[in-house]
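Q: Sequence and predicted model, in that order:
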Amino acid sequence: MLDIKITRTTNPKAKPEGPLGFGKIFTDHMFIMNYTEGKGWHDPRIVPYQDLTLSPACMVFHYGQEMFEGLKAYKGEDGKSYLFRPDMNGKRTNNTNDRLCIPQIPVEDFVQAVQAVVKVDEDWIPTEPGTSLYIRPFIIATEPFLGVDVSETYLFMIIMSPSGAYYAEGLKPVGIWIEDDYVRAVKGGMGYAKTGGNYAASLAAQVKAHDGGYSQVLWLDGVERKYIEEVGAMNIFFKIDGKIVTPELNGSILPGITRDSVLTICRDWGLPVEERKISVDELIEAQKTGKLEEVFGSGTAAVISPVGKLRYKDDVMTIGNGEIGEISQKLYDTVTGIQLGKLEDKFGWRLEVK
Ligand SMILES: *Cc1c(COP(=O)(O)O)cnc(C)c1O
């Protein structure tokens with residue numbers, strides 16, 4: 001158990017009015033905890049949201065030793081506040097930390113810190129349909145040192161941002177660019193870790209996709225550029241000839257919590273589910289023979305993001321006439337239904353914030 005010291009702001013901000021958008025508005029408070037070699041994690045505290053003062057020599061600025069997580073708090077149908085599977089974010093934090101030589105944080109402490117800071121800013125959880133409070137836990141290496149080494153000091157912080165409905169006008173299929181030149185990650189690299197470096201590596205392809213009129217990049221494997229990996233910040237699913245197929249977790253793909261929820265729900269529904277390698281050639285072939293029935297991404301931000309168009313080199317594939325598929329819609333309704341308490345929480349995924 002962390003002994004969290006709480007200092008409340010004496011100057012609360014006005015709550016935003018109108019559309020919230022994503023990631024630009026921050027709540028009144030934040031969580032901070034320090035790590036010092038020999039002492040461990042210490043001084044957990046909730047303080048007014050504020051700028052940091054750091055040495056320009058901090059290792060995170062030079063060699064990118066950092067990690068982050070992303071989850072949401074929701075207002076349930078009953079007016080109470082809920083988190084969705086926060087223990088999974090805690091476990092993934094430690095998998096990422098291990099890869100980046102960042103000290104572990106006990107999962108209970110991670111969940112306690114998230115709960116505590118959300119509780120303090122509970123009145124920042126928006127209530128309009130589809131809105132939520134986005135929670136961003138992250139860790140940075142703070143030792144001032146220009147040598148390439150593992151930092152001896154860190155800051156673990158949690159900031160929060162009220163965010164608008166991802167789909168203001170209902171679920172809208174997106175166009176996706178299958179990238180055939182740049183790669184995001186390779187086996188043995190950091191693909192499975194949630195760390196800024198993976199995103200830095202992805203920007204050039206994202207710019208290319210946007211310039212081409214596509215909203216997201218779908219990555220291929222880093223060695224053969226042949227097998228499907230994942231979308232920018234989402235895992236990817238295909239419905240091929242009645243089966244739900246998604247790339248297996250091979251070390252270069254981020255193990256999404258929404259991915260895990262989707263697999264659990266599909267299996268519960270009795271749908272045939274396959275986690276395996278899927279080549280881009282298989283997709284093109286399935287499309288040609290009319291067997292590529294649905295494509296959708298899964299991630300915390302959008303929950304389910306239907307894909308209406310896939311581009312690979314000179315091939316442009318339109319999926320389901322560019323309209324949302326039945327399973328995509330049903331999965332979206334089910335995951336959000338469980339999150340909001342409209343549906344029974346049969347897997348025990350909701351955690352009340354108290
Ligand atoms: C966070 C993330 C995902 C989705 O994970 P969720 O836990 O479902 O939000 C997928 N891919 C990448 C690269 C990510 O960073």
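A: Nice, I can see it. Residues are numbered from 1 along each chain as shown.
Q: near the ligand, which residues of the stretch 151-300 of the chain show up?
A: Within the stretch 151-300 of the chain, the positions near the ligand by CB under 6 Å from any ligand atom are 194, 230, 233-235, 254, 256-259, 298-300. Backbone N, C-alpha and C define where each C-beta goes, glycine included.
Q: try 5 Å
A: For the stretch 151-300 of the chain, the residues found near the ligand under the criterion CB under 5 Å from any ligand atom are 233, 254, 256-258, 299-300.
Q: Between which two of those is the distance greatest?
A: For those, the maximum inter-member distance is 12.3 Å, found between 233 and 257 (CB to CB).
Q: of these two, who's got more company?
A: residue 257 (24 against 19; other CB atoms under 10 Å).
Q: Give me the three-state assignment for the closest residue to the more buried one other than its chain neighbours.
A: Closest residue in space to residue 257, ignoring its immediate chain neighbours: residue 88 at 4.5 Å, by CB to CB, 6 or more residues apart in numbering. When classified by DSSP: H, G, I helix; E, B strand; the rest coil, residue 88 comes out as helix.
Q: I'd say residue 88 and residue 256 touch.
A: No: contact between residue 88 and residue 256 fails when scored by CB atoms under 8 Å: they sit 9.5 Å apart.
Q: Grab the nearest non-local neighbour of whatever residue of the stretch 101-250 of the chain ends up closest to the ligand.
A: As assessed by CB to the nearest ligand atom, the ligand sits closest to residue 233 within the stretch 101-250 of the chain, at 4.5 Å. Using CB to CB, 6+ apart and skipping residues adjacent in sequence, the residue nearest residue 233 is residue 299, 5.4 Å away.
Q: Chain neighbours aside, what residue packs nearest to residue 309?
A: Leaving out its chain neighbours, residue 309 is closest to residue 175 (CB to CB, 6+ apart), at 4.0 Å.
Q: Tell me who's in contact with that neighbour.
A: 213-215, 307-311 (CB atoms under 8 Å, 6 or more residues apart in numbering).
Q: between the residues you listed, which has the most around it?
A: Taking other CB under 10 Å as the neighbour criterion, residue 307 ranks highest of the contacts of residue 175 with 28 neighbours.
Q: Who are the packing partners of the helix or strand that residue falls within?
A: With elements taken from DSSP states H and E, the one containing residue 307 is strand 303-312. The contact analysis (3 or more CB pairs under 8 Å, 6 or more residues apart in numbering; DSSP states H and E) places strand 303-312 against strand 174-178, helix 257-268, helix 280-288, strand 292-299, strand 315-318, helix 326-340.
Q: for the ones you listed, which one sits closest to residue 246?
A: When the helices and strands packed on strand 303-312 are ranked by proximity to residue 246, the top entry is helix 257-268, at 6.8 Å, counting by CB to CB.
Q: List every C-alpha atom in the closest one, with coordinates, as PDB.
A: Once non-C-alpha atoms are left out, helix 257-268 reads as follows in PDB (Å, rounded to 0.1, in the frame of the first residue of the first chain):
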ATOM      1  CA  ILE A 257      -5.900  -5.000 -23.400                       C
ATOM      2  CA  THR A 258      -8.700  -4.300 -25.800                       C
ATOM      3  CA  ARG A 259      -7.300  -7.000 -28.100                       C
ATOM      4  CA  ASP A 260      -7.500  -9.400 -25.100                       C
ATOM      5  CA  SER A 261     -11.000  -8.300 -24.300                       C
ATOM      6  CA  VAL A 262     -12.100  -8.800 -27.900                       C
ATOM      7  CA  LEU A 263     -10.600 -12.300 -28.000                       C
ATOM      8  CA  THR A 264     -12.300 -13.200 -24.700                       C
ATOM      9  CA  ILE A 265     -15.700 -12.000 -25.900                       C
ATOM     10  CA  CYS A 266     -15.500 -13.700 -29.300                       C
ATOM     11  CA  ARG A 267     -14.500 -17.000 -27.700                       C
ATOM     12  CA  ASP A 268     -17.400 -16.500 -25.200                       C
END
